[in-house]
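Undergrad: here is a sequence with its predicted model. Questions after.
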Amino acid sequence: MKLFSAISALLFVGFASLQFNDLDPHIWVTVYLIAAVAMVSRGFFPVPKIVYLTGAAAAVVVGLVIFPWHLTQWVNEELQPGVAMKSDLMEESREGLGLVIVAIFLAVAGLWPKKGAA
(Lines give C-alpha, C1' and ligand atoms only; values in the text may rest on other atoms or scores of the structure.)
Protein backbone atom coordinates (compact mmCIF):
# COMPACT_ATOMS: atom_id res chain seq x y z
CA MET A 1 0.00 0.00 0.00
CA LYS A 2 2.94 2.35 0.57
CA LEU A 3 3.91 2.12 -3.10
CA PHE A 4 0.31 2.69 -4.20
CA SER A 5 0.06 5.65 -1.82
CA ALA A 6 3.30 7.20 -3.02
CA ILE A 7 2.44 6.80 -6.71
CA SER A 8 -1.07 8.13 -6.11
CA ALA A 9 0.27 11.15 -4.24
CA LEU A 10 2.65 11.93 -7.11
CA LEU A 11 -0.22 11.57 -9.57
CA PHE A 12 -2.34 14.06 -7.62
CA VAL A 13 0.56 16.51 -7.31
CA GLY A 14 0.87 16.26 -11.09
CA PHE A 15 -2.86 16.92 -11.47
CA ALA A 16 -2.54 19.95 -9.17
CA SER A 17 0.32 21.35 -11.23
CA LEU A 18 -1.86 21.23 -14.35
CA GLN A 19 -4.48 23.45 -12.70
CA PHE A 20 -2.47 26.66 -12.49
CA ASN A 21 -3.70 27.85 -15.89
CA ASP A 22 -7.33 27.17 -14.91
CA LEU A 23 -9.85 29.94 -14.26
CA ASP A 24 -10.24 28.79 -10.65
CA PRO A 25 -6.90 27.21 -9.74
CA HIS A 26 -7.25 27.86 -6.01
CA ILE A 27 -10.12 25.35 -5.87
CA TRP A 28 -8.64 22.57 -7.97
CA VAL A 29 -5.04 22.82 -6.77
CA THR A 30 -6.40 22.54 -3.23
CA VAL A 31 -8.60 19.54 -4.10
CA TYR A 32 -5.74 17.63 -5.71
CA LEU A 33 -3.21 18.52 -3.01
CA ILE A 34 -5.63 17.37 -0.31
CA ALA A 35 -5.98 14.09 -2.20
CA ALA A 36 -2.16 13.83 -2.40
CA VAL A 37 -1.80 14.41 1.34
CA ALA A 38 -4.54 11.87 2.03
CA MET A 39 -2.76 9.25 -0.04
CA VAL A 40 0.57 9.89 1.72
CA SER A 41 -1.24 9.68 5.06
CA ARG A 42 -2.78 6.34 4.12
CA GLY A 43 0.58 4.87 3.31
CA PHE A 44 2.60 6.19 6.18
CA PHE A 45 0.41 7.37 9.09
CA PRO A 46 -2.58 5.89 10.94
CA VAL A 47 -5.76 7.67 9.85
CA PRO A 48 -9.27 6.27 10.44
CA LYS A 49 -10.76 4.89 7.26
CA ILE A 50 -13.90 6.98 7.78
CA VAL A 51 -11.81 10.04 6.84
CA TYR A 52 -11.09 8.58 3.39
CA LEU A 53 -14.61 7.30 2.87
CA THR A 54 -16.13 10.66 3.84
CA GLY A 55 -13.79 12.41 1.42
CA ALA A 56 -14.72 9.94 -1.31
CA ALA A 57 -18.43 10.46 -0.67
CA ALA A 58 -18.03 14.25 -0.76
CA ALA A 59 -16.08 14.05 -4.02
CA VAL A 60 -18.80 11.87 -5.57
CA VAL A 61 -21.59 14.23 -4.50
CA VAL A 62 -19.84 17.36 -5.78
CA GLY A 63 -18.73 15.53 -8.93
CA LEU A 64 -22.30 14.49 -9.69
CA VAL A 65 -23.55 18.02 -9.11
CA ILE A 66 -21.12 19.59 -11.59
CA PHE A 67 -20.96 16.69 -14.05
CA PRO A 68 -22.80 17.46 -17.28
CA TRP A 69 -25.76 15.28 -17.98
CA HIS A 70 -25.85 16.16 -21.69
CA LEU A 71 -23.23 13.53 -22.42
CA THR A 72 -23.61 13.48 -26.20
CA GLN A 73 -22.92 17.22 -26.47
CA TRP A 74 -19.92 16.92 -24.15
CA VAL A 75 -18.46 13.92 -26.00
CA ASN A 76 -18.92 15.68 -29.36
CA GLU A 77 -17.04 18.71 -28.04
CA GLU A 78 -14.25 16.53 -26.66
CA LEU A 79 -13.84 14.81 -30.02
CA GLN A 80 -13.07 18.10 -31.77
CA PRO A 81 -9.36 18.63 -32.56
CA GLY A 82 -7.28 20.30 -29.87
CA VAL A 83 -7.39 20.21 -26.09
CA ALA A 84 -8.42 23.83 -25.49
CA MET A 85 -11.63 24.52 -23.58
CA LYS A 86 -14.37 25.14 -26.10
CA SER A 87 -17.17 25.70 -23.60
CA ASP A 88 -18.07 25.80 -19.93
CA LEU A 89 -19.55 22.34 -20.40
CA MET A 90 -16.11 20.92 -21.20
CA GLU A 91 -14.60 22.64 -18.16
CA GLU A 92 -17.26 21.31 -15.80
CA SER A 93 -17.06 17.85 -17.35
CA ARG A 94 -13.34 17.61 -16.81
CA GLU A 95 -13.65 18.94 -13.27
CA GLY A 96 -16.39 16.41 -12.51
CA LEU A 97 -14.27 13.57 -13.83
CA GLY A 98 -11.33 14.79 -11.75
CA LEU A 99 -13.50 14.52 -8.65
CA VAL A 100 -14.53 11.01 -9.65
CA ILE A 101 -10.84 10.07 -9.86
CA VAL A 102 -10.26 11.58 -6.40
CA ALA A 103 -13.28 9.65 -5.07
CA ILE A 104 -12.04 6.33 -6.48
CA PHE A 105 -8.58 6.72 -4.96
CA LEU A 106 -9.95 7.83 -1.58
CA ALA A 107 -12.40 4.91 -1.56
CA VAL A 108 -9.59 2.47 -2.30
CA ALA A 109 -7.52 4.03 0.48
CA GLY A 110 -10.43 3.73 2.90
CA LEU A 111 -11.44 0.19 1.98
CA TRP A 112 -7.99 -1.37 1.51
CA PRO A 113 -7.25 -3.38 4.68
CA LYS A 114 -4.30 -2.26 6.76
CA LYS A 115 -1.43 -4.70 6.99
CA GLY A 116 -1.89 -6.89 10.05
CA ALA A 117 -5.56 -5.92 10.49
CA ALA A 118 -7.91 -8.83 10.96
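TA: Received, thanks. Numbering: from 1, shown residues only.

Undergrad: tell me which residue lies nearest the centroid of the chain.
TA: Centrality entry for the chain: nearest residue to the mean C-alpha point is Val102, 2.4 Å, by CA atoms, centre = their mean.

Undergrad: any idea how far Val47 is from it?
TA: Distance from Val102 to Val47, counting by CB to CB, to the nearest Å: 16 Å. For every residue, glycine as well, the C-beta is placed using N, CA and C.

Undergrad: same question for Ala59.
TA: 16 Å.

Undergrad: those two - which one has more neighbours?
TA: Ala59 (24 against 13; other CB atoms under 10 Å).

Undergrad: state the distance from the more buried one to Val31.
TA: On the measure of CB to CB, Ala59 and Val31 end up 8 Å apart.

Undergrad: so what sits against both of these two?
TA: Leu99, Val102 (CB atoms under 8 Å, 6 or more residues apart in numbering).

Undergrad: show me the shaky parts of this protein.
TA: Low-confidence segments of the chain, defined by pLDDT under 70: 68-71, 74, 83, 85-86, 115-118.

Undergrad: longest helix of the protein, counting residues only.
TA: Longest helix of the chain, by residue count under DSSP state H: helix 88-111.

Undergrad: list the helices and strands that helix packs on?
TA: helix 2-17, helix 25-44, helix 49-66, helix 71-78 (3 or more CB pairs under 8 Å, 6 or more residues apart in numbering; DSSP states H and E).
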